[in-house]
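In: sequence first, then the predicted structure:
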Amino acid sequence: AQTVTQSQPEMSVQEAETVTLSCTYDTSESDYYLFWYKQPPSRQMILVIRQEAYKQQNATENRFSVNFQKAAKSFSLKISDSQLGDAAMYFCAYRSGYGGATNKLIFGTGTLLAVQP
Amino acid sequence: SAVISQKPSRDICQRGTSLTIQCQVDSQVTMMFWYRQQPGQSLTLIATANQGSEATYESGFVIDKFPISRPNLTFSTLTVSNMSPEDSSIYLCSVVWADRPNQPQHFGDGTRLSIL
């Protein structure tokens, strides 16, 4: 069975600084997708960034980028130029690439990010 | 992008009662999922709502406790039956669109449920 581990329950960053959130996963599959979701206090789950395992290039979305190390099964999220609105719980998630949309998301335990003004 | 509406957004219920949560999408979707997020915890999949057939439940979740309906491609309900304080959680629906099966799941705003 696949597992997702986030070893940092809480992180803090100064506004305008850079922070990296860690995520590791375990799988025997070769085809899969990895995601970072953000959940602010409003509790809505917002997709931050997505990475396909078959792509070597790290995904980037504006101030958000990932460091995907497939051999190490590591998928960290870097937030550059942190803003107050980035404060939220961040979840790393895994989805198998087999079976298409029928596969569930497996979530890590989350990292609560605080942004200090 | 499409809109996913969940109702109610929150409720406080007495133990032993049941509550039905609705998830409405403004476009047809391939799959609808129901997740539970217990206080301070991560999300756990309850079941996949299948259109026109019985839902597929994950280990630890049973139909008698969490009956699910999905009468069409845009609507699903989750009922939390015979509630106890341990059912106090956020319940979220998520969807994948019919014409974008390999795209990420998108989530509704969730229902915060408290049982007294």
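Out: Great, that's in hand.

In: could I get the full set of strands for chain B?
Out: B:4-7, B:10-13, B:19-25, B:29-37, B:43-49, B:56-57, B:68-72, B:75-80, B:89-97, B:106-107, B:111-115 (DSSP state E).

In: and the most centrally placed residue in chain A, what does it touch?
Out: Central residue of chain A (C-alpha atoms, centre = their mean): A:W36, 2.9 Å from the mean position. By C-beta atoms under 8 Å, 6 or more residues apart in numbering or on different chains, A:W36 lies in contact with A:21, A:23, A:47-49, A:64, A:66, A:75, A:77, A:90-93. Where C-beta positions appear, they are placed from N, C-alpha and C, glycine not excepted.

In: need the residues of chain A near chain B, please.
Out: Proximity of chain A to chain B, by C-beta under 8 Å from any C-beta of the partner chain, involves residues A:33, A:35, A:37, A:42-47, A:50, A:91, A:95, A:100-102, A:104-105, A:107-110.

In: any idea how far chain A is from the spatially most central residue of chain B?
Out: Nearest residue to the geometric centre of chain B (C-alpha atoms, centre = their mean): B:W34, 3.3 Å. Separation of B:W34 from chain A (C-beta to the nearest C-beta, to the nearest Å): 11 Å.

In: so that residue touches B:T44, yeah?
Out: No - using C-beta atoms under 8 Å, B:W34 is not in contact with B:T44; the gap is 10.1 Å.

In: before we move on, back to that, next, the contact list for the residue nearest to the centre of chain B, please.
Out: Here B:W34 is in contact with B:C23, B:L45, B:I46, B:A47, B:A49, B:F66, B:I68, B:S76, B:L78, B:Y91, B:L92, B:C93 (C-beta under 8 Å, 6+ apart).

In: what is the nearest of those residues to A:Q83?
Out: B:L92 (25.1 Å; C-beta to C-beta).

In: wait, isn't that closest one in contact with B:L113?
Out: No - counting by C-beta under 8 Å, B:L92 sits too far from B:L113 to count as a contact (11.2 Å).

In: please say which of these two ends up with more neighbours.
Out: Using other C-beta atoms under 10 Å in any protein chain shown, the more surrounded residue of B:L92 and B:L113 is B:L92, with 27 against 20.

In: so where's chain A uncertain?
Out: A:99-102 (pLDDT under 70).

In: that one: strands as residue ranges?
Out: Going by DSSP E, chain A shows strands at A:3-5, A:10-14, A:19-21, A:24-26, A:32-39, A:46-52, A:60-61, A:64-69, A:74-79, A:88-96, A:106-107, A:111-116.

In: now what about the fourth one, what contacts it?
Out: So the one you mean is strand A:24-26. A:Q2, A:T3, A:V4, A:T5, A:S7, A:L34, A:A72, A:K73, A:S74, A:F75, A:C92, A:Y94.
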